[in-house]
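# Structure for this input, please:
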Amino acid sequence: MVTMRQIPVERLRELLGYDPESGVLTWRVSRPKYGCAVGQRAGWIEPKGYVHVSIDQVKLKGHRVAWALHYGAWPAGNLDHVNGVRSDNRIANLRIADQHQNIANSPIRVNNKCGVKGVVRTEDGKWQAQITVRGKRHHLGRFKTKEAAGQAYEAAAEKHFGEFARKQRNP
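Prediction:
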């Protein structure tokens with residue numbers, strides 16, 4: 001199977017344009033067989049929210065293609081979307097990250113019932129803060145209020161994850 005790194009960046013540049021300010025990939029050549037015209041937006045957004053584009057029968061992740069077009073080489077590791085929006089491929093929104101950093105920047109889980117990342121309600125009605133760092137769960141304490149537990153999580157996230165800490169709360 002062909003991987004992304006086996007498609008030369010020169011081939012990408014032959015076929016695609018990239019605007020680092022908008023993050024949009026466009027076709028440089030007409031591809032009538034696929035219904036693509038010069039200047040038309042390239043790729044599609046798949047169900048998980050990532051942009052994909054197909055080159056020479058190889059499905060590529062749009063953020064990795066954007067990086068390769070901008071820097072002239074495929075990224076050496078994982079890429080993280082700084083703002084968490086998977087379709088936002090502006091170069092300012094992309095950064096190299098290891099798997100743990102990428103996980104640290106993940107949004108609140110969809111099954112979170114209280115709306116605060118890293119916080120759960122205990123059976124006795126108190127609020128427990130917890131954080132997972134490199135696969136190990138750390139209990140940060142039990143609190144009288146959801147807000148206090150959230151602050152404990154945010155402080156721990158800043159300490160352990162630095163710029164990758166996501167302190168987002170559900171609206």
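# How about the backbone phi and psi for the residue lying farthest from the centre of the chain?
In the chain, Asp124 marks the outermost C-alpha relative to the chain mean, sitting 36.1 Å out by CA atoms, centre = their mean. Main-chain dihedrals, Asp124, degrees, to the nearest 10: phi -90, psi 10.
# Can you give me the end-to-end span of stretch 78-98?
Distance across stretch 78-98, first residue to last, is 6 Å (CA to CA, to the nearest Å).
# now the helix or strand bottoming out on mean pLDDT in the chain, how far from the chain's geometric center?
Least confident element among the helices and strands of the chain, by mean pLDDT, DSSP states H and E: helix 99-104 (a mean of 85). Offset of helix 99-104 from its chain centre (CA atoms, centre = their mean, to the nearest Å): 10 Å.
# So for that helix, what gets flagged as buried?
Buried residues in helix 99-104, counted by 16 or more other CB atoms under 10 Å: 101-104. In short, each C-beta sits where N, CA and C put it, glycine included.
# ok, now stretch 37-48?
Quick answer for stretch 37-48 (16+ other CB under 10 Å): 42-43.
# hey, C-alpha coordinates of that stretch in PDB?
The C-alpha coordinates for stretch 37-48 follow below in PDB (Å, rounded to 0.1, in the frame of the first residue of the first chain):
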ATOM      1  CA  ALA A  37     -11.700  22.100 -12.400                       C
ATOM      2  CA  VAL A  38      -8.700  24.400 -12.000                       C
ATOM      3  CA  GLY A  39      -9.100  26.600  -9.000                       C
ATOM      4  CA  GLN A  40     -11.800  24.400  -7.500                       C
ATOM      5  CA  ARG A  41     -11.600  23.500  -3.800                       C
ATOM      6  CA  ALA A  42      -9.900  20.100  -3.500                       C
ATOM      7  CA  GLY A  43     -10.900  17.300  -1.100                       C
ATOM      8  CA  TRP A  44     -13.900  16.600   1.100                       C
ATOM      9  CA  ILE A  45     -14.700  16.600   4.800                       C
ATOM     10  CA  GLU A  46     -15.200  13.100   6.100                       C
ATOM     11  CA  PRO A  47     -17.500  12.200   9.000                       C
ATOM     12  CA  LYS A  48     -14.900  12.800  11.800                       C
END
